[in-house]
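A.B. asks: Below are the sequence and a predicted model; questions follow.
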Amino acid sequence: MASPWWSRDGLEVRDGRLHIAGHDAEEIAHEHGTPLYVYDSCRVEINLRRLADALERAGVRHRLLFAFKANRHPAILSRIRKMGNVGIDACSPNEVSAALEAGWQAEEISYTGTSLSRQDLDQILPHPLQLNIDSLSALEKVGSRCPGRTIGLRINPGVGEYSATPTASGTKPTKFGIYPDQFEQALEVARRHELHVRGIHFHMGSGWLHDELPVFHAAVCRAAEMARRITELEYVNVGGGIGVRLVESHRAPDLDAYAEGLAKHLNPLHTTVLCEPGDFAVRDGGVFLVEAVGVDVKGGTTFVGVAAGFNAFAIPVLYQDPQEVVLCRAADAPPALTCALAGHINEATDLLADECRLPEVREGDILALLNAGGYGPGLASHHCSRPHAARLAL
Ligand SMILES: Cc1ncc(COP(=O)(O)O)c(C=O)c1O
């Protein structure tokens, strides 16, 4: 039988059963309980190297910054830290503290926060972080507190719509970044406070796929135009957002094409390109294991009830991402039903997957929700007094 589209080293079907990092997924679930996040810690290093290699091939002078919020499991962080050449993208003072505790030096951390408060500044300004400022008011605040500091400007290239849900940059105003029409004013505020602007940062939004590469490169092109107005430019940070193939019909961005676009627009600036992968680094290295508790047909729709909910796994509900689900004991069996995965939170929106095709499911079966390595636990809540899911790194 042909391997399922999602199988790869570390996520395989052996004798019909799902294996993660060489371990039988159902056995892991029985040993550790569910709901459970399981991470294959090798995968993050493989993904970061794939990206770095593509940038290298395209001749882009670069540095990777792992988006801390995507996964803060100690084993994942230690794997990244050991690579030695990957810094951190942080967006809150607590992320900075956690990154410092995990062994990064402040100089290796880039901070790009939004709605910066005075309390945030109290905590971050004492550290020699790379600081990207995303609004005129924040620029005034930082400038009046530490004139002479070196900073970057988070801009909004005003390009970047690629999905029905709002993206971080685009023509429709978002809270993120300094738009081109205020860029000159931002430089003026920086000059007034003697701030040294050395970098440009933008983040278009997350989860874009191969077909969105031209949109991303258009945003890079616009960012390059703005970066040209900075006399002592040291870096252009292009954010994260590289999407992962979530369902068979998706086409993941071609990394060489990604890197070649960066080379085309940014190499003429003789600058360092910073990339902040989150999902790309960790998403496909994790699965979320849940137990099936019952199967019911209601109004013609089959609902497979599971003992987990969006309080523990919010991604499908928050971002409406499609979700691939695998029956662990029969991972390559042909589908017998189309169903929705109904969680145990008392909200109609608590569907962890929709229209998924599965073999016959029985009470007690363990289901694996793939591509769960990014953002899951960070978004968890105790809604309905349901507990968070445990995490296991292999
Ligand atoms: C500024 C910034 N950089 C990087 C990322 C990481 O994005 P992704 O996980 O889509 O790669 C985010 C995510 O929100 C972000 O806001």
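C.D. replies: Ah, there it is. Keep in mind the model is a prediction, meaning the values are calculated, not measured.

A.B. asks: gap between residue 266 and residue 384?
C.D. replies: 47 Å (C-beta to C-beta, to the nearest Å). From N, CA and C alone the C-beta is placed, and that goes for glycine too.

A.B. asks: Which of those two has more residues huddled nearby?
C.D. replies: Just comparing residue 266 and residue 384: by other C-beta atoms under 10 Å the higher neighbour count belongs to residue 266, 24 against 14.

A.B. asks: Now do the same contact list for the more buried one.
C.D. replies: By C-beta atoms under 8 Å, 6 or more residues apart in numbering, residue 266 lies in contact with 60, 220, 224, 227, 236, 238, 273.

A.B. asks: The ligand: which of those is nearest?
C.D. replies: Of all these, the ligand sits closest to residue 238, with 9.2 Å by C-beta to the nearest ligand atom.

A.B. asks: Might one say that that closest one is in contact with residue 221?
C.D. replies: No. Applying C-beta atoms under 8 Å, one finds residue 238 not in contact with residue 221, separated by 11.3 Å.

A.B. asks: give me phi/psi at the closest residue to residue 110 other than its chain neighbours?
C.D. replies: Closest residue in space to residue 110, ignoring its immediate chain neighbours: residue 130 at 4.3 Å, by C-beta to C-beta, 6 or more residues apart in numbering. Taking degrees, to the nearest 10, you get phi -80, psi 120 for the backbone angles of residue 130.

A.B. asks: And residue 190, by the same measure?
C.D. replies: The phi/psi pair for residue 190 (degrees, to the nearest 10) reads phi -60, psi -40.

A.B. asks: Also residue 366?
C.D. replies: Per-residue torsions, residue 366: phi -100, psi 130 (degrees, to the nearest 10).

A.B. asks: and it, how many neighbours does it have?
C.D. replies: When neighbours are counted by other C-beta under 10 Å, residue 366 registers 22.

A.B. asks: swap in the one 10 residues further on?
C.D. replies: Counted with other C-beta under 10 Å, residues neighbouring residue 376 total 24.

A.B. asks: Now that it has come up, it's in contact with residue 390, right?
C.D. replies: No. Judged on C-beta under 8 Å, residue 376 makes no contact with residue 390 at a distance of 11.5 Å.

A.B. asks: Contact residues of the stretch 151-300 of the chain facing the ligand?
C.D. replies: Applying C-beta under 6 Å from any ligand atom, we find that the stretch 151-300 of the chain lies next to the ligand at 203, 206, 239-242, 276-280.

A.B. asks: Okay, and which of those residues map to strands?
C.D. replies: Applying DSSP state E to those, no entry is found in strands.

A.B. asks: Format the residues you listed as TSV; extra columns: neighbour count and pLDDT.
C.D. replies: Putting those into TSV (neighbours: other C-beta atoms under 10 Å; pLDDT from 0 to 100) gives the following:
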residue	neighbour count	pLDDT
203	26	96
206	25	92
239	29	97
240	25	97
241	27	96
242	27	97
276	26	98
277	24	98
278	23	98
279	25	97
280	28	98
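
A.B. asks: which one of the residues you listed is nearest residue 123?
C.D. replies: Taking C-beta to C-beta as the measure, residue 123 lies nearest residue 276 of those, at 20.7 Å.

A.B. asks: so what's the closest one up against?
C.D. replies: Residues in contact with residue 276, defined by C-beta under 8 Å, 6+ apart, are 64-67, 89, 110, 203, 237-240.

A.B. asks: Which of those residues sits closest to the ligand?
C.D. replies: Comparing those against the ligand with C-beta to the nearest ligand atom places residue 240 closest, at 2.5 Å.

A.B. asks: Residue 202 is in contact with the closest one, correct?
C.D. replies: No. At 10.8 Å, residue 240 does not count as touching residue 202 under the criterion of C-beta under 8 Å.

A.B. asks: host element of the nearest residue to residue 192 once chain neighbours are set aside?
C.D. replies: Of all residues beyond its chain neighbours, the one nearest residue 192 is residue 143 (6.9 Å), with distances taken as C-beta to C-beta, 6+ apart. Element membership for residue 143 (DSSP states H and E) is helix 136-145.

A.B. asks: And the contacts of that helix?
C.D. replies: With C-beta under 8 Å, 6+ apart as the test, helix 136-145 has contacts from 116, 118, 121, 125, 131, 133, 149, 151, 153, 178, 182, 185-186, 189-190, 192-195.

A.B. asks: and the lowest-mean-pLDDT helix or strand in the chain, does that touch the ligand?
C.D. replies: None of the helices or strands of the chain scores lower by mean pLDDT, DSSP states H and E than helix 315-319, at a mean of 87. No. Under the criterion of C-beta under 6 Å from any ligand atom, the ligand is not reached by helix 315-319; the shortest gap measures 10.2 Å.

A.B. asks: In the sheet, which residues pair with residue 208? Tell me.
C.D. replies: Residue 208 has these beta-bridge partners by DSSP bridges: residue 242.

A.B. asks: Just list the residues touching it, thanks.
C.D. replies: If you count contacts by C-beta under 8 Å, 6+ apart, residue 208 has them with 162-163, 215-216, 241-243, 253.

A.B. asks: how about 6 Å then?
C.D. replies: For residue 208, the contacting residues are 162, 241, 243, by C-beta atoms under 6 Å, 6 or more residues apart in numbering.

A.B. asks: quick check: domain ranges of this protein?
C.D. replies: As assigned by automatic domain parsing, the chain contains the domains 11-41+283-393, 43-282.

A.B. asks: Which one, of those domains, ends up nearest to residue 4?
C.D. replies: Across the domains of the chain, residue 4 has its closest neighbour in domain 11-41+283-393 (5.6 Å, C-beta to C-beta).

A.B. asks: starting at the chain centroid, how far to the closest one?
C.D. replies: Centre-to-centre, domain 11-41+283-393 and its host chain are 19 Å apart (C-alpha atoms, centre = their mean, to the nearest Å).

A.B. asks: can you check stretch 246-257 too?
C.D. replies: Stretch 246-257 sits 15 Å away from the centroid of its parent chain (C-alpha atoms, centre = their mean).

A.B. asks: Could you pull out the strands in the stretch 101-250 of the chain for me?
C.D. replies: Counting by DSSP state E, counting those that start in this stretch, residue ranges of the strands within the stretch 101-250 of the chain are 109-112, 130-133, 150-154, 196-201, 235-237.
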